[in-house]
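Colleague: quick one: sequence plus predicted model below, questions after.
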Amino acid sequence: MKSILRVRLSFMMFLEFFVWGSWYVTMGTFLGANLGAKDQDISLAFSTQSFGAIIAPFIVGLIADSYFHAQRILGVIHLLGAGLMYWLYQSEDFNSFFPILLIYMILFMPTLALVNSISFNQMKDPAKEFSIIRVWGTIGWIASGILISYLAWDSQAGLADGLLKYTWLMASIVSVILGLFSFTLPHTPPRADRSTEFKLSEILGLDALSLLKHKNFFIFFLSSILICIPLAFYYQNASPFLTEIGVENSTGKMTLGQVSEVLFMLALPLFFSRFGIKKTLIVAMIAWAARYVFFAFGNADEQVWMLLVGIALHGVCYDFFFVSGQIYTDAHAGAKFKSSAQGLITLATYGVGMLIGFWAAGHISDYFLVEEGNHDWESIWLIPAGISVLVLLFFTFLFKSETIKPINNR
């Protein structure tokens, strides 16, 4: 791949995840501080990601893959998204905010597949080339968080002045830039053969359900859904938690999770090849439980190190479970169900698993509301820690060790 093309694709990834990170991390804090939203309202807002993940296969599988160039639909979606982001910036109450966010996430979630498709289409050896480009997405997410804290939008003074609303304006502006830039990206024509019969089951990944006949894969599949329940607690509650207990520059500090993602992504191939799939997934689930224990007993003063360690564990939680899980799924699926299997896992985790998790997190946070604006965070965080331990035990005792050779086809 030519250097200029690598730079263009890297810039696309940077902008894609900068847009997402601009508002996603601080949304819970924004809703509570600016719109007076309750815990269950915040839960409903985060659930839009799951609804988007469930609907995304229709847009990518039916529309993008069959009728339009990927870079063109990416550009249109982000230009539409810029308008929706500006609308959210002007929102004054949750009732007007939620339907716009839902529309936005239904449009946005397919772009995560589109940027990958555009990148893969230009690569001769994705196994070597993709990670160098994809890492710029993580850097974009980190940059947005650092910028928010640098501008003090997430500080106590910033929250009092309502400055966190500017995250939506920032996302809108960057969406315009990405939308226009997308039309300059290399052509990525539709790949689907429209002469063949349309199969809804193939688009949704349901063809891969036959893989569940394999006991080990079935245990892994259930564990993937279950572990996404505590994961939702992190996405939904981490920013409001850190802000509520008085951690300064909390959004910038949360980027430690993405920094660790980069480091553990580099460590994953060595760990995976040496210790195998079962031990890799077990380490991830142990880290999941440990993270919430650190959150439960940490504070903004002398125990702030516990919060920082808990945030940094996000890298091993995400990379060692989701990335290694994708490798495991790919190895079991083979050529016939390769795409369908990945679609099924995405639908189950980001769709079903996290939808349950966001719902549970909202109700539990509301139950442990001590007084207006204050929660019993120790009790809240110990619940996902306990769920993680139960999933760990379920997986450890029922999943049999397997020798999986990573597939070099990305």
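Modeller: Ah, there it is.

Colleague: all contacts plus neighbour counts: C-alpha atoms, from now on.
Modeller: Fine.

Colleague: mind saving the C-alpha coords of the helix or strand harbouring residue 306 as PDB?
Modeller: Assigned by DSSP states H and E, residue 306 belongs to helix 304-312. C-alpha atoms of helix 304-312 as PDB (Å, rounded to 0.1, in the frame of the first residue of the first chain):
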ATOM      1  CA  VAL A 304      -7.400   7.300  43.100                       C
ATOM      2  CA  TRP A 305      -4.700   4.900  41.900                       C
ATOM      3  CA  MET A 306      -7.400   2.100  42.100                       C
ATOM      4  CA  LEU A 307      -9.600   4.000  39.700                       C
ATOM      5  CA  LEU A 308      -6.800   4.500  37.300                       C
ATOM      6  CA  VAL A 309      -5.900   0.800  37.400                       C
ATOM      7  CA  GLY A 310      -9.500  -0.100  36.900                       C
ATOM      8  CA  ILE A 311      -9.700   2.200  33.800                       C
ATOM      9  CA  ALA A 312      -6.400   0.800  32.400                       C
END
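
Colleague: what are the buried residues along it?
Modeller: Within helix 304-312, the residues that count as buried by 16 or more other Cα atoms under 10 Å are 304, 306, 307, 308, 309, 310, 311, 312.

Colleague: now those residues as JSON lines including distance to residue 152?
Modeller: Shown next, in JSON lines, are the buried residues of helix 304-312 (distance: Cα to Cα, whole Å):
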{"residue": "304", "distance to residue 152": "19"}
{"residue": "306", "distance to residue 152": "23"}
{"residue": "307", "distance to residue 152": "20"}
{"residue": "308", "distance to residue 152": "19"}
{"residue": "309", "distance to residue 152": "23"}
{"residue": "310", "distance to residue 152": "23"}
{"residue": "311", "distance to residue 152": "20"}
{"residue": "312", "distance to residue 152": "22"}
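
Colleague: which of these sits closest to residue 130?
Modeller: If you rank these by distance to residue 130 using Cα to Cα, residue 312 comes first, at 23.8 Å.

Colleague: wait, residue 144 touches residue 16, no?
Modeller: No: with contacts defined as Cα atoms under 8 Å, residue 144 does not count as touching residue 16, sitting 11.1 Å away.

Colleague: circling back to that earlier point, which helices and strands sit right next to the helix holding residue 306?
Modeller: Packing contacts for helix 304-312, counted by 3 or more Cα pairs under 8 Å, 6 or more residues apart in numbering; DSSP states H and E, involve helix 256-297.

Colleague: by how many degrees do the helix it packs on and helix 304-312 diverge?
Modeller: Angle of helix 256-297 versus helix 304-312, following axes from the mean of the first three to the mean of the last three Cα atoms, to 10 degrees, is 130 degrees.

Colleague: give the other helices and strands that helix 256-297 contacts.
Modeller: Helices and strands touching helix 256-297, by 3+ Cα pairs under 8 Å, 6+ apart, are helix 126-150, helix 304-312, helix 314-318, helix 324-333, helix 377-398.

Colleague: kindly report which one of these carries the lowest mean pLDDT.
Modeller: Mean pLDDT is lowest for helix 324-333 among the helices and strands packed on helix 256-297, at a mean of 75.

Colleague: which elements pack onto that helix?
Modeller: Short answer (3+ Cα pairs under 8 Å, 6+ apart): helix 324-333 packs on helix 256-297, helix 338-346.

Colleague: identify the residues contacting residue 227.
Modeller: Taking Cα atoms under 8 Å, 6 or more residues apart in numbering, we find residue 227 in contact with 285, 353, 387, 388, 391.

Colleague: buried residues, the strand or helix carrying it. List them.
Modeller: Using DSSP H and E, residue 227 sits in helix 215-244. By 16+ other Cα under 10 Å, the buried positions in helix 215-244 come out as 216-244.

Colleague: re the thing from before, next, the angle helix 215-244 makes with the helix holding residue 306.
Modeller: 140 degrees.

Colleague: work out the gap between helix 304-312 and the centre of the chain.
Modeller: Mean C-alpha position of helix 304-312 versus that of the full chain (Cα atoms, centre = their mean, to the nearest Å) differs by 20 Å.

Colleague: got the phi and psi for residue 376?
Modeller: Dihedral pair for residue 376: phi -90, psi 80, per degrees, to the nearest 10.

Colleague: any idea how far residue 369 is from it?
Modeller: Noted for residue 376: a distance of 6 Å to residue 369, by Cα to Cα, to the nearest Å.

Colleague: ok, back up a step: closest to residue 254 out of the contacts of residue 227?
Modeller: Nearest to residue 254 out of the contacts of residue 227 is residue 285 (Cα to Cα; 19.9 Å).
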